[in-house]
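Peer 1: sequence and predicted model, in that order:
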Amino acid sequence: MAVMQKVSLEALARQQIEQAAAAGRNAADTVVGGHEKVLRQTVIGMLAGSELGEHENPGEATLYVLKGSVRLIAGDQQWDGRTGDLLMIPDSRHSLLALTDAALLLTVAKLP
């Protein structure tokens, strides 16, 4: 039997920003799936000026900006996203910079 769950992304966004502020670093909580699943959704809280250093794309991925603004950087290209924007993560090494305090929903479908 399937179990139905409901999650408030607004509440998780606030919580992750608060946890990032308390810890003095980025905070994250996986809300759907996980490393053993194909689909994974994680809410990430970042403080203004913090960064997720350059890393590989783990699969097909998008970044939905729940609150704040960020800059996605891949090589010599960059895209700014703000509340309500959906960024398609390129299939290449990339990094992410928080322009303001921000909360993001990272969705990844791992490649087989």
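Peer 2: Noted; the coordinates are in hand.
Peer 1: how far does stretch 23-34 sit from its chain's centre?
Peer 2: Centroid separation between stretch 23-34 and its chain, computed with CA atoms, centre = their mean, to the nearest Å, is 9 Å.
Peer 1: residues contacting that stretch, please?
Peer 2: Around stretch 23-34, the neighbours that count as contacts under CB atoms under 8 Å, 6 or more residues apart in numbering are 7, 12, 15-17, 19-20, 39-47, 50, 52. Any C-beta I mention is one placed from the backbone N, CA and C, and that applies to glycine too.
Peer 1: let's see which of those residues end up in helices.
Peer 2: Among the contacts of stretch 23-34, the ones falling in helices (DSSP state H) are Leu12, Gln15, Gln16, Ile17, Gln19, Ala20.
Peer 1: any buried residues in the worst-scoring helix or strand of the chain on mean pLDDT, and which?
Peer 2: Across the helices and strands of the chain, mean pLDDT, DSSP states H and E gives its lowest value to strand 51-55, namely a mean of 88. Within strand 51-55, the residues scored as buried using 16 or more other CB atoms under 10 Å are Leu52.
Peer 1: same check, this time on stretch 36-50
Peer 2: Buried residues in stretch 36-50, defined by neighbour count with 16+ other CB under 10 Å: Arg40, Gln41, Thr42, Val43, Ile44, Gly45, Met46, Leu47, Ser50.
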